[in-house]
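Engineer: sequence first, predicted model second:
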Amino acid sequence: MNASKLFIAGAFAALAAVGAQAGEVDLTPLPVFHSTASVAQVRAEAAAAQQAGLIAHGNLVVASQPELSSTLTRADVRNDAKVALRAGQIAHGEGDLTAM
């Protein structure tokens with residue numbers, strides 16, 4: 001019973017959302033695409049582009065990270081942070097601009 005009520009509510013919401021859209025509907029057909037390359041050629045080109053690094057993976061940009069090293073210990077960094085906090089050099093929240 002609950003599933004049917006949820007289904008009906010979802011269908012009603014979808015219809016209401018479609019009905020609320022204002023504007024013209026473009027019913028012109030899309031142009032037909034005819035490939036001139038075979039499947040093997042397309043796969044070979046894709047493999048070559050992959051090896052050359054030309055294929056992006058979403059918004060991910062992979063850059064080499066420099067080697068990071070520090071001469072300070074964790075305790076030194078924590079102590080420096082405590083000193084800066086007591087001196088008022090660290091801002092608190094969005095409204096505290098006195099430390100900047």
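Structural biologist: Ah, there it is. Residues are numbered from 1 along each chain as shown.
Engineer: any weak-confidence spans in the protein?
Structural biologist: When residues are selected by pLDDT under 70, those of the chain lie in 1, 15-23, 58-64, 95-100.
Engineer: grab the longest helix from it for me.
Structural biologist: For the chain, the longest helix by residue count, based on DSSP state H, is helix 2-19.
Engineer: list the buried residues for that one?
Structural biologist: When neighbours are counted by 16 or more other CB atoms under 10 Å, no buried residue of helix 2-19 is found. To be clear about C-beta, it is placed using only N, CA and C from the backbone, and glycine gets the same treatment.
Engineer: how about stretch 43-52?
Structural biologist: Applying 16+ other CB under 10 Å to stretch 43-52 flags no residue as buried.
Engineer: what's the closest non-adjacent residue to A37?
Structural biologist: Leaving aside its sequence neighbours, A37 sits nearest to E45 (CB to CB, 6 or more residues apart in numbering; 7.7 Å).
Engineer: element containing the one you found, please.
Structural biologist: In this assignment (DSSP states H and E), E45 forms part of helix 39-52.
Engineer: after that helix comes which helix or strand?
Structural biologist: helix 74-86.
Engineer: how far does that following helix sit from its chain's centre?
Structural biologist: 34 Å (CA atoms, centre = their mean, to the nearest Å).
Engineer: now stretch 71-88
Structural biologist: That offset, for stretch 71-88, works out to 34 Å (CA atoms, centre = their mean).
Engineer: repeat for stretch 41-50
Structural biologist: Worked out by CA atoms, centre = their mean, stretch 41-50 lies 26 Å from the chain centre.
Engineer: what's the spacing between T36 and T73?
Structural biologist: Using CB to CB, to the nearest Å, T36 is found at 64 Å from T73.
Engineer: the residue nearest to A37 and A13, how far apart?
Structural biologist: E45 is 44 Å from A13, by CB to CB.
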